[in-house]
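K.L.:
Requesting a structural model of the entry that follows:
(2 chains)
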Amino acid sequence: MSTVTVTGSPAPAPARTARPEYKVTGRRVLRSEWAKLWSLRSTWITLGLGLLFLVAFGVIAAAHYKSELDSGRPLHRDDVAATALSLSVFGTNFAQLALGVLGVLITAGEYSTGMIRSTLAAVPRRLPVLWSKASVFGLVALVVATAGVFVAFTIDSGIVSGTPAALTMSHSGVVRSLFGAGLYLGLVGVIGTALGALLRSVAGGISVLVASLMLVPGLISLLPSSWQDNISPYLPSNAGESMFALTHDATSLSPGAGLAVFLGWTVLALAGAAYRLVRTDA
Amino acid sequence: MIEAHQLTKRYGEKTAVDRLDFTVKPGTVTGFLGPNGAGKSTTMRMIVGLDAPSGGSVAVNGKAYARHTAPLQEVGALLEAKSIHPGRSAFDHLMAQAHTHGIPRRRVESVIELTGLQSVAKKRAGAFSLGMGQRLGIAAALLGDPATVMLDEPVNGLDPEGVLWIRNLLTGLAADGRTVFVSSHLMSEMALVADHLIVVGRGRLLADTTVRDLVRQAGGDTVTVASDQAARLREVLAGPGVEITGASGSEELQVTGLTARTIGLRAAEHGIPLFELSSRTVSLEEAFMDLTRDAVEYHATATVETPGRAA
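P.N.:
Numbers count the residues shown, from 1 in each chain, chains lettered A, B, ... in the order given. Model (predicted):
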């Protein structure tokens, strides 16, 4: 049944002389990674989860605040300083897991499935693959996360209007903080892809991601407090948090400094990933 | 055209590929043969730059694979293990590969048709049978219309129809003037498609030859002849290029270098009665086993030696 067209032509193929001009370019590698990202169901599911976490937890936090306030009981210590902004970015803790894990899957998943052999056979210079994966997914995560926090804030400011937490978009620093949260989550996505490429293992990448974003801050609190004050603001999670906090005190970095530090961590992870990608056999 | 020069790959103490020198020429099918673990896959991985050589070099069409502007147009490779994401459809997989080179969609459609994957192209590749997966791998290898096609164990897991299809595909590609390099551990399969053979064992080059020469080297065609006048028959048949063996006192002789027909005629000329006259062709499998036996035996003894000196 499957007769082969190649063998069907005994005469030497004229295609030899008129071969099409193909060429690998940075833009085409980007296009390929874009297509790869959207052709997997896991992308849609995980991005959807990330968005859901952002909006749902942001709204739940606001609803919780409102009901505590309405009950007339004294507010919990954490809730006293709450604002519509801090409530609406409550979901970033959960969304960062979804987006970071998807980042890990995008790179480490290629190693676990064997897809990396096809990828690197097409782009044997290798580095364009890493840059493309990181920028394509970083951008997608940024857009999804920014949309998510803006939606969450819009809903939350409606819920808490008329309470001490009330804030509107026009309040100074709000828009900056919301973009900061989106940017933070975008960069978490980039760090995820870098960790996946560095460790070449889905489980390993997720472990390191969770450890660095969620466990290390807890461990640092075991250190003497003078050390804590010096180290703590520079941890990825804390530096990231100052990117989208409305107010800053002596123990936290300014939004700009937070962004710089968090970018530093991102670059470090990417550099490690690039080194491993170029130096070791696929 | 693939040119390997002193190509070497070491993993710690173990040398997987040991100073290989060979050239794979266009227009013919070149078989890459060796027992399992001979270093065939490692060599192929080095050709497309997935593994970096520990020593030596390998060039494809005059340049290292990674230095080509359109690598998929130079070499289309099917590597042994599945190299796809099981969650992606065959079409999406090929399209993603095509994007990197600016290969148009119609080329993707044409390789899908060529490999007979039309009906399953939109299904998840993870659900493919071994044979379908192999066809997808071949579709990916042909995607860039490559000057060199390199396939690692392409007939593994294929049904007879699929095996025949591969055979025709390979000879067709070579007739197109392409370089075709195919690995296998099955000599019989190679004999049907390959014109040229590169045989490796334990990472070393054992033979770089044609199928016919390999058989000849391995003892060629032997004729068994039996007669009660064995000693006289020996004298009658003796000549340059003729080798006769047989236990003294036995009626049976093994003759190489003469055809059964010639032996029969000579015996008749001299009035020597023959009880048996049969020719036996050394099978390619035997020739291959003969060639690789040392390599395999070496493997067995090497494990006994202390690892430090097993070089």
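K.L.:
Identify the residues contacting residue A:119.
P.N.:
A:110, A:129 (Cβ atoms under 8 Å, 6 or more residues apart in numbering or on different chains). In this view, the C-beta of every residue, glycine as well, is placed from N, C-alpha and C.
K.L.:
helices and strands around the helix or strand where residue B:164 lies, which ones?
P.N.:
Residue B:164 is located in helix B:160-175, with elements delineated by DSSP states H and E. Identification of packing neighbours for helix B:160-175 by 3 or more Cβ pairs under 8 Å, 6 or more residues apart in numbering or on different chains; DSSP states H and E yields helix A:5-8, strand B:29-33, helix B:130-142, strand B:148-152, strand B:179-184, helix B:187-193.
K.L.:
mind checking which of these is nearest residue A:116?
P.N.:
Proximity to residue A:116 (Cβ to Cβ) singles out helix B:130-142 among the helices and strands packed on helix B:160-175, at 13.7 Å.
K.L.:
The closest one relative to helix B:160-175, how many degrees between them?
P.N.:
Compare the direction of helix B:130-142 with that of helix B:160-175 by axes from the mean of the first three to the mean of the last three Cα atoms, to 10 degrees and you get 10 degrees.
K.L.:
Could I get the full set of strands for the chain?
P.N.:
Using chain A. Remark: no strands are assigned in chain A by DSSP state E.
K.L.:
other chain: chain B
P.N.:
Assigned by DSSP E, chain B shows strands spanning B:2-11, B:14-24, B:29-33, B:55-60, B:75-78, B:148-152, B:179-184, B:196-201, B:204-210, B:221-226, B:243-245, B:252-256, B:276-281.
K.L.:
Who does the last one pair with, and is each partner parallel or antiparallel?
P.N.:
Sheet neighbours of strand B:276-281, with direction, are listed as strand B:221-226 (antiparallel) (DSSP bridges).
K.L.:
Run through who's touching the partner strand.
P.N.:
Residues lying outside strand B:221-226 but in contact with it, judged by Cβ under 8 Å, 6+ apart, are B:233, B:251-256, B:258-260, B:263, B:267, B:274-282.
K.L.:
can you give me the offset of that strand from its chain's centre?
P.N.:
29 Å (Cα atoms, centre = their mean, to the nearest Å).
K.L.:
for the record, mean pLDDT for it?
P.N.:
Taken as a whole, strand B:221-226 has a mean pLDDT of 83.
K.L.:
so where do the helices sit in the stretch 201-311 of chain B?
P.N.:
B:211-217, B:230-237, B:260-269, B:284-302 (DSSP state H, counting those that start in this stretch).
K.L.:
what does the stretch 101-250 of chain A have sitting close to chain B?
P.N.:
Listed as neighbours of chain B in the stretch 101-250 of chain A under the rule Cβ under 8 Å from any Cβ of the partner chain: A:109-110, A:113-118, A:120-125.
K.L.:
and if we set it to 6 Å?
P.N.:
Within reach of chain B by Cβ under 6 Å from any Cβ of the partner chain, the stretch 101-250 of chain A has these residues: A:113, A:114, A:115, A:117, A:118, A:121, A:122, A:123, A:124, A:125.
K.L.:
Nearest to residue A:49, out of the strands of chain B?
P.N.:
Evaluated over the strands of chain B, closeness to residue A:49 peaks at strand B:75-78, with 36.2 Å, by Cβ to Cβ.
K.L.:
Only the C-alpha atoms, please, for the closest one, written as CSV.
P.N.:
Taking Å, rounded to 0.1, in the frame of the first residue of the first chain, the C-alpha atoms of strand B:75-78 are listed here in CSV:
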residue,chain,number,x,y,z
VAL,B,75,21.9,15.6,7.5
GLY,B,76,18.6,14.1,8.3
ALA,B,77,19.0,11.8,11.2
LEU,B,78,16.9,9.1,12.8
